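**Q** just a sequence and a predicted model for now, questions to come.
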Amino acid sequence: MKVYDLPDSRGHFGPYGGTFVAETLISALEDLRVQYDRYRNDADFQAEFAYELKHYVGRPSPIYHAKRWSAHLGGAQILLKREDLNHTGAHKINNAIGQALLARRMGKSRVIAETGAGQHGVASATVAARYGMKCIVYMGSVDVERQAANVYRMKLLGATVIPVESGSRTLKDALNEAMRDWVTNITDTFYIIGTVAGPHPYPMMVRDFQAIIGREAMAQMQEEYDRQPDALIACVGGGSNAIGLFYPYLDSDIRMIGVEAAGRGIESGQHAAALTQGRPGVLHGNRTYLIQDANGQIIETHSISAGLDYPGVGPEHAWLKDSNRAEYIGITDDQALEAFHALCHYEGIIPALESSHALAYAAQLAPTLARDKLLLVNLSGRGDKDMTTVAQASDITF
Amino acid sequence: MSRITTVFDKLRQQNRKALIPFITAGDPQPALMVPLMHELVKAGADILELGVPFSDPMADGPTIQRSSERALKYGVGLKDVLSMVEEFRKDDTHTPVVLMGYANPIEAMGYEAFTARAKGAGIDGVLTVDYPPEESGEWVEYLNRQQIDAIFLLSPTTPQTRVEQVAKMAQGYVYYVSLKGVTGATNLDLRDVADKLIQLRSRISIPIGVGFGIRDSMTAKAVAELADAVVVGSRIIEEIENSAEENILTNVYRLVTSLRSAIDEAGSKH
């Protein structure tokens, strides 16, 4: 059997990934690569990481059988990997802890992060408080406005939130600004990237820290169901929760489906479906699929879920798409909202709008399959942060 | 011999240093571009660096970001930039023009199409900020096929071993980023630059230009004492930004001539 061993030593997943950054960042990335190489196989580091995941995050996160919803849909059984039960409410904390532990070992006293929905910002602010580090979070001013509660959470945790006014004033611009900060403060600063994008080694490192999701799932499925699922389903913005679930399964032949944000519909042009609608290009340090115009300018994206509202996607997903190892499809805002309400109604679980995209596809797929089939959906986050957005979509104001 | 090499050879014979102004193509509006390029040459520019507008200029400070946004409002893309240079070449066949920008507009056009069109338009060198040498193998081959110089950056954080690697690939001149930061920053340390340039000289045989953070005549002069070329970007763009449209050419001319005299004072000492 062919063993999956990407990326190569320079961070390439086939033609994707790599280190497409200005010279000013090269030495910092090289330093990070060397240090990460050292600690990824270091027993003390891994032991501390495992301890924190267990005692601080509350892992392992359970697999929950959504029986009522599955029965209502009338087909395959839907199982949920409950990342929403993690401390801070999403999978983002797994990676933030991993990178913070690395930052400490590298002697960096200041961490910076970019955030869209605010989940990664909250996770970074949380670990900075936990380890006594200074934390600066860059956030597009449009997102600052639509995610006010998360901005306040970050401030409560002691972080400084800097609204970014350049470009489209969303996640991609926050990333640009964080890169500019990093290049200016390279000596004492560690940049905690929140997803499997950015220059090498970030896509690999973030994947490794999130792979706990898939490793746990594999063991839990074996123990509780005595078999593995028939398909894995996860939402894809940058793609960290999806890669976290998929990665340990890559050498199997289990079907994997990544769900992108089709926003107001692909035909409306207002979406964030980079893999299904974009073209390969270079942005934020790596080569990947991008939503861009004919001149190679990055186009503003739209999704009801701020966490999926990004014009690129992690390079490993680009490779998994081209090599046909994973399938990628789009779910609209409306379809995601419908799944959001269904999970509230049938299971008493309020999912994040990001995760609702994965749920919506599970709801389409389940009825087409037999009742003994198992679909494992990554419920990557909880929906408390989305109350205002969901209420607005139903024309309700508080 | 390339236009870039010719310029540096001539300056060396005259004991002078090169002045390389940077402006963003299409800023403040496309119609002003070609007149502005001629004005820069008239004011004493030896080589012109033209920024290709990009939606996500990661390595640039606020001034160049704004100039990029102004140009993008007019929809200025890479093909428009090439047309502007083609137009400029009708009246100026000797001043080298270097494009500076980000990878994605070039990726969108394709290496083959871009290098052929760039050659046709009269482009002499290309500096792609986010193509470091390790990702540039194929890219440099395409440039070489059209005899366009591949220009690379070096930074204060570039280790010596890597300088040698860059030196092997770099053509025309190397662009030394004088500080840890983005374009237009204000933390330039001349002593650092001086120390670093001594080290670079021993490993790099082609001319070395210094840019990022050169904001006045005094700094331009000091940098000209150390380097072969002085690159000024954000300061010129500020002048464009702060001038009424009818005064842009005059004000930019005045600024660039003052930089020119300062740089020539440095040269005459040797």
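**A** Good, I have the coordinates. Because the structure is a prediction, the values reported are computed rather than measured.
**Q** phi, psi of A:Leu369?
**A** phi -120, psi 160 (degrees, to the nearest 10).
**Q** next, the closest residue to it other than its chain neighbours: phi, psi?
**A** Once flanking residues are discounted, A:Leu369 sits nearest to A:Ala76: 3.9 Å by Cβ to Cβ, 6 or more residues apart in numbering or on different chains. From N, CA and C alone the C-beta is placed, and that goes for glycine too. In terms of degrees, to the nearest 10, the main-chain angles of A:Ala76 are phi -60, psi 160.
**Q** isn't A:Ala76 up against A:Val377?
**A** No. Here A:Ala76 does not reach A:Val377: they are 10.8 Å apart, not a contact under Cβ atoms under 8 Å.
**Q** now A:Phe398. Nearest residue, chain neighbours left out?
**A** A:Ala391 (6.5 Å).
**Q** need the contact partners of the helix or strand hosting that neighbour.
**A** A:Ala391 is part of helix A:387-393 when elements are defined by DSSP states H and E. For helix A:387-393, the external contacting residues (Cβ atoms under 8 Å, 6 or more residues apart in numbering or on different chains) are A:146, A:148-149, A:304-305, A:333, A:337, A:340, A:353, A:383, A:397-398.
**Q** so which of those sit within helices?
**A** Mapping those onto helices (DSSP state H) picks out A:146, A:148-149, A:333, A:337, A:340, A:353.
**Q** and residue 33, what helix or strand is that in?
**A** Going with chain A. helix A:23-40.
**Q** I was thinking of chain B, sorry if that wasn't clear
**A** helix B:33-42.
**Q** show me what that helix packs onto, helices and strands only.
**A** On a contact count with 3 or more Cβ pairs under 8 Å, 6 or more residues apart in numbering or on different chains; DSSP states H and E, helix B:33-42 meets strand B:18-24, strand B:48-51, helix B:78-89, helix B:248-268.
**Q** want to throw the ones you listed into a markdown table with mean neighbour count?
**A** Below are the helices and strands packed on helix B:33-42 laid out as a markdown table (neighbours: other Cβ atoms under 10 Å in any protein chain shown):
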| stretch | mean neighbour count |
| --- | --- |
| strand B:18-24 | 27 |
| strand B:48-51 | 25 |
| helix B:78-89 | 20 |
| helix B:248-268 | 17 |
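**Q** chain A is nearest to which of the ones you listed?
**A** helix B:78-89 (6.2 Å; Cβ to the nearest Cβ).
**Q** got the contact list for that closest one?
**A** Contact with helix B:78-89 is made by A:295-296, B:25-26, B:30, B:33-34, B:37-38, B:50, B:52-53, B:97, B:99, B:101, B:105-106, B:108-109, B:114, B:117-118, B:120-123, as judged by Cβ under 8 Å, 6+ apart.
**Q** between that helix and helix B:33-42, how many degrees?
**A** Going by axes from the mean of the first three to the mean of the last three Cα atoms, to 10 degrees, helix B:78-89 is angled at 50 degrees with respect to helix B:33-42.
**Q** extract the C-alpha set from helix B:78-89 and format it as PDB.
**A** The C-alpha coordinates for helix B:78-89 follow below in PDB (Å, rounded to 0.1, in the frame of the first residue of the first chain):
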ATOM      1  CA  LEU B  78      -0.500  43.400 -15.100                       C
ATOM      2  CA  LYS B  79      -1.400  43.700 -18.700                       C
ATOM      3  CA  ASP B  80      -2.200  47.400 -18.300                       C
ATOM      4  CA  VAL B  81       1.200  47.900 -16.600                       C
ATOM      5  CA  LEU B  82       2.900  46.300 -19.600                       C
ATOM      6  CA  SER B  83       1.000  48.600 -21.900                       C
ATOM      7  CA  MET B  84       2.100  51.600 -19.900                       C
ATOM      8  CA  VAL B  85       5.800  50.500 -20.200                       C
ATOM      9  CA  GLU B  86       5.300  50.000 -24.000                       C
ATOM     10  CA  GLU B  87       4.000  53.500 -24.200                       C
ATOM     11  CA  PHE B  88       6.900  54.900 -22.200                       C
ATOM     12  CA  ARG B  89       9.400  53.100 -24.500                       C
END
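**Q** anything in the next helix-or-strand element following it near chain A?
**A** Note on helix B:78-89: by DSSP H and E, the next helix or strand toward the C-terminus is strand B:97-101. No. Using Cβ under 8 Å from any Cβ of the partner chain, strand B:97-101 never reaches chain A; the gap is at least 9.8 Å.
**Q** coming back round to it: now render the contacts of helix A:387-393 as CSV, adding distance to B:Glu86, neighbour count and pLDDT.
**A** Output for those, formatted as CSV (distance: Cβ to Cβ, whole Å; neighbours: other Cβ atoms under 10 Å in any protein chain shown; pLDDT from 0 to 100):
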residue, distance to B:Glu86, neighbour count, pLDDT
A:Arg146, 45, 18, 79
A:Ala148, 50, 12, 87
A:Ala149, 53, 13, 87
A:Ile304, 45, 24, 93
A:Ser305, 45, 27, 92
A:Asp333, 45, 23, 98
A:Leu337, 51, 20, 98
A:Phe340, 54, 26, 98
A:Leu353, 49, 27, 97
A:Gly383, 55, 23, 95
A:Thr397, 56, 6, 83
A:Phe398, 58, 6, 80
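**Q** relative to B:Ala167, which of these is nearest.
**A** Nearest to B:Ala167 among these is A:Ser305, at 47.6 Å by Cβ to Cβ.
**Q** go ahead and confirm the closest one touches A:Ala360.
**A** No. The pair A:Ser305 / A:Ala360 is not scored as a contact, 11.2 Å apart, by Cβ under 8 Å.
**Q** pLDDT (mean, whole number) over the helix holding A:Ala391?
**A** For helix A:387-393, mean pLDDT is 92.
**Q** and that helix, which residues are buried?
**A** Applying a neighbour-count criterion of 16 or more other Cβ atoms under 10 Å in any protein chain shown, one finds A:389-390, A:393 buried in helix A:387-393.
**Q** show me the helices in the stretch 51-200 of chain B, by range?
**A** Applying DSSP state H, counting those that start in this stretch to the stretch 51-200 of chain B gives helices spanning B:62-73, B:78-89, B:103-109, B:111-121, B:137-145, B:160-169, B:190-201.
**Q** tally of neighbours for whichever residue of the stretch 101-250 of chain A sits closest to chain B?
**A** Nearest to chain B, among the residues of the stretch 101-250 of chain A, is A:Thr184, at 4.2 Å (Cβ to the nearest Cβ). Neighbourhood size, A:Thr184 [other Cβ atoms under 10 Å in any protein chain shown]: 17.
**Q** again, but for A:Ser141
**A** As a burial measure, A:Ser141 scores 15 neighbours (other Cβ under 10 Å).
**Q** fine by me, thanks again.
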